[in-house]
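Q: I need the structure of the sequence given here:
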Amino acid sequence: MKTNRRMRIILIFVVSLCLIAAMLAASVVMNHAYNSKWHLATFAGPALFSPEEQAEVSVVGVARGSTWTKVFDFHNEGLTEHNYQAFTYDFTVANNTRDQVEDFSFALTFHRDVYLMSGWNGALEIHQFTADGEIVDTILDLREYDPAAHSLNYVVFDGEPLVVMHDGDYMVYRPSKTMNAREVPIEPFEATTPGFILYVAIGDTIEDSSLALTYRFHRLLTDEPLFRIALSLLAVWIVARIVSIIISIQIRKYQARHERDNEIINESIETFTGFIDAKDPYTNGHSKRVAIYTKMIAREMGYEGEELDRIYYIALLHDCGKIGVPDDILTKPGKLTDEEFAVLKSHPQRGSEILRSFKSLPDVDKGAHYHHERYDGHGYPEGLVGEDIPLVARMICVADSFDAMATNRVYRKKLPMETIISEIETNKGRQFDPDIADIMLRLIREGKVPVEL
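A: Okay, the predicted model is just below:
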């Protein structure tokens, strides 16, 4: 018996060590994928020149106050009045995250005639659209622009060659990586500021331009959350292994303490379970059952792997907003008043607000927010219709309704399975997405739905 116990303990440690190693390997893969992914952010008009919200990597365009004017006489008409004004525009690329921005570039599209005079640090890939097609050429340093060395359309005024940019033309800025003007990488919470000097007609600006920013992060492996968790677990594993050796040597001495620790753990679990049951004993286990039913539906719809797990967790949290609903409303055996029902109906929004900051699980708030919407548009809180309702919420709606009918509630006993099947059939296309309802009906008829969990 002692030998078997010792072998079981060794097996547990070996398996747990393998799992920790797998987590470490997964963190390396996740870190590589994260560092390899290119992100795209677009800014236009006010969002570019007067941003209201700060993106993870943002670009802010600012025109400097000092300007000068010149006469641009394109057709040799003898113009003497200054008609074009120079602006110096700075475009600050800010890294607002804890990760390093390893590389970036941005494409700035103009929506009026612009004449580029100078720029600094990075290279410019110019795209000009003409009747003969697109001209693409790269200027490594606009300050040293030589028209003879490039194929771009340009004009010369006062001895200065200016690159012509018409409506729809754009330039791609590629940052400098030289030691003298190193613009990448951008360290956490730091920024770099490329700039350009250009001419526009007096009275005009380029503040209707649009900018598309592409960027890639670099996160140290030691900053990867899963890696940190794995290291913490490894430390726990080492401590646990040492403790297990000590316990195996001095098992009699620590047996009583070990049993007492088990009692504390069991009491803690029972106490926590009591908190949940005290909230609404009639729906105890409801969220887990709904999550299981939703996962079964999703699997029948072809979902698998991480996406299937994601749907399960979204369904598991769909009723979290009820934590803000008073117990006397949740457990009221009689009919709710209009005011009480309004409070109960607020739980989707409450749940959505609670889960909105849960960024690591995409769309987790949609299950909470929309699971009481109806396919015919008569649900709440927004009255969405048909496929306007997020798919995961339509799955949860069917699973949630099935569990409500298949279990005892404070206001009624559970319904017979024949009645439940009839209700689902009747409400296809009304309360339920008809395709999802058919999947649930097939699972019920095939006996795959475990009503008692």
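Q: The longest strand along the chain: which residues count as buried?
A: Across the chain, the longest stretch assigned as strand under DSSP state E is strand 84-95. The neighbour-count check on strand 84-95 (16 or more other CB atoms under 10 Å) flags 84, 85, 86, 87, 88, 89, 91, 93, 94, 95 as buried. Using the backbone N, CA and C atoms, a C-beta is placed for each residue, glycine as well.
Q: what do you get for stretch 155-162?
A: Neighbour counts over stretch 155-162 (16+ other CB under 10 Å) mark 157, 161, 162 as buried.
Q: residue contacts, the first one?
A: Which is residue 157. By CB atoms under 8 Å, 6 or more residues apart in numbering, the contact set of residue 157 is 70, 71, 72.
Q: so it bridges to which residues?
A: residue 160 (DSSP bridges).
Q: Distance check, it against residue 148.
A: To residue 148, residue 157 is 17 Å away according to CB to CB, to the nearest Å.
Q: in the stretch 1-150 of the chain, which segments are predicted with low confidence?
A: Residues of the stretch 1-150 of the chain that meet the criterion pLDDT under 70 lie in 1-3, 65-66.
Q: Now do the helix or strand hosting residue 22: which elements does it pack against?
A: Using DSSP states H and E, the element containing residue 22 is helix 2-36. Helix 2-36 makes packing contacts with strand 210-218, helix 225-249 when contacts are defined by 3 or more CB pairs under 8 Å, 6 or more residues apart in numbering; DSSP states H and E.
Q: Now mean pLDDT and mean neighbour count too, for the ones you listed, in CSV please.
A: As requested, these are exported to CSV (pLDDT from 0 to 100; neighbours: other CB atoms under 10 Å):
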stretch, mean pLDDT, mean neighbour count
strand 210-218, 95, 19
helix 225-249, 87, 14
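Q: Nearest approach to residue 386 belongs to which of the ones you listed?
A: Proximity to residue 386 (CB to CB) singles out strand 210-218 among the helices and strands packed on helix 2-36, at 33.4 Å.
Q: In its sheet, which strands sit next to the closest one, and in what direction?
A: strand 38-44 (antiparallel), strand 100-109 (antiparallel).
Q: which one of those is the most hemmed in?
A: strand 100-109 (a mean of 20; mean count of other CB atoms under 10 Å).
Q: what secondary structure does the residue in the chain sticking out farthest from the centre sit in?
A: The centre of the chain is farthest from one residue, residue 78, which by CA atoms, centre = their mean lies 58.4 Å away. What DSSP: H, G, I helix; E, B strand; the rest coil gives for residue 78 is coil.
Q: before we move on, back to that, pick out whichever of the buried residues of stretch 155-162 sits closest to residue 106.
A: residue 162 (21.4 Å).
Q: any idea of the angle the helix or strand hosting the closest one forms with strand 84-95?
A: If you go by DSSP H and E, residue 162 is part of strand 160-165. Here the directions of strand 160-165 and strand 84-95 differ by 70 degrees (axes from the mean of the first three to the mean of the last three CA atoms, to 10 degrees).
Q: Now flag whichever of the buried residues of stretch 155-162 is closest to residue 137.
A: Comparing these against residue 137 with CB to CB places residue 161 closest, at 13.3 Å.
Q: I figured that closest one hits residue 142, correct?
A: No. Counting by CB atoms under 8 Å, residue 161 does not reach residue 142; the two are 10.2 Å apart.
Q: so residue 127 is in which element?
A: Per DSSP H and E: strand 123-130 holds residue 127.
Q: okay, the strands paired with strand 210-218 in JSON lines with distance to residue 204 next?
A: Formatted as JSON lines, those follow (distance: least, CB to CB, whole Å):
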{"stretch": "strand 38-44", "distance to residue 204": "17"}
{"stretch": "strand 100-109", "distance to residue 204": "16"}
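Q: Nearest to residue 16, out of the ones you listed?
A: Smallest distance to residue 16 across the strands paired with strand 210-218 (CB to CB): 33.3 Å, for strand 100-109.
Q: Just after the closest one, pick out the following helix or strand.
A: Using DSSP H and E, the next helix or strand after strand 100-109 towards the C-terminus is strand 114-120.
Q: So what's the gap between that following strand and the chain middle?
A: 37 Å (CA atoms, centre = their mean, to the nearest Å).
Q: same thing with stretch 102-115?
A: 27 Å.
Q: So residue 73: helix, strand or coil?
A: coil.
Q: wait, isn't it in contact with residue 81?
A: No. Applying CB under 8 Å as the test, residue 73 and residue 81 come out as separate, 10.1 Å apart.
Q: distance of the residue nearest to residue 68 when sequence neighbours are not counted from residue 126?
A: Distances taken as CB to CB, 6 or more residues apart in numbering put residue 86 closest to residue 68, at 5.1 Å, once the chain neighbours are dropped. Per CB to CB, residue 86 is found 19 Å from residue 126.
Q: which regions of the stretch 201-350 of the chain lie under the pLDDT threshold?
A: In the stretch 201-350 of the chain (pLDDT under 70), the answer is 251-284.
Q: got the CA positions of the strand holding residue 127 in PDB?
A: Only the C-alpha atoms of strand 123-130 are listed here, as PDB (Å, rounded to 0.1, in the frame of the first residue of the first chain):
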ATOM      1  CA  ALA A 123      12.700  57.000 -45.700                       C
ATOM      2  CA  LEU A 124       9.600  57.900 -47.800                       C
ATOM      3  CA  GLU A 125       8.000  55.500 -50.200                       C
ATOM      4  CA  ILE A 126       6.000  57.800 -52.500                       C
ATOM      5  CA  HIS A 127       2.900  56.600 -54.400                       C
ATOM      6  CA  GLN A 128       1.700  58.900 -57.200                       C
ATOM      7  CA  PHE A 129      -1.300  58.100 -59.300                       C
ATOM      8  CA  THR A 130      -1.200  59.400 -62.900                       C
END
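Q: Strand partners (parallel or antiparallel) of that strand?
A: strand 133-139 (antiparallel), strand 170-174 (antiparallel).
Q: and the direction of it versus that of strand 114-120, what angle?
A: Using the same axes, to 10 degrees: strand 123-130 against strand 114-120 is 170 degrees.
Q: Around the residue lying closest to residue 46 once chain neighbours are set aside, count how many other residues there are.
A: Excluding the flanking residues, the one nearest residue 46 by CB to CB, 6+ apart is residue 52, at 7.5 Å. Using other CB atoms under 10 Å, residue 52 has 6 other residues around it.
Q: Does residue 52 lie in a helix or a strand, and which?
A: Using DSSP H and E, residue 52 maps to neither a helix nor a strand.
Q: phi, psi of it?
A: Dihedral angles of residue 52 (phi, psi; degrees, to the nearest 10) stand at phi -100, psi -30.
Q: could we number from 7 for the rest of this?
A: That works, and once the first residue is 7, the last one we named lands at residue 58.
Q: need the contact list for residue 160.
A: 153, 167, 168, 169, 170.
Q: Can you pull the domain assignment for the chain?
A: 44-225, 282-451 (automatic domain parsing).
Q: chain center to the last one, what's the gap?
A: Meaning domain 282-451. That offset, for domain 282-451, works out to 23 Å (CA atoms, centre = their mean).
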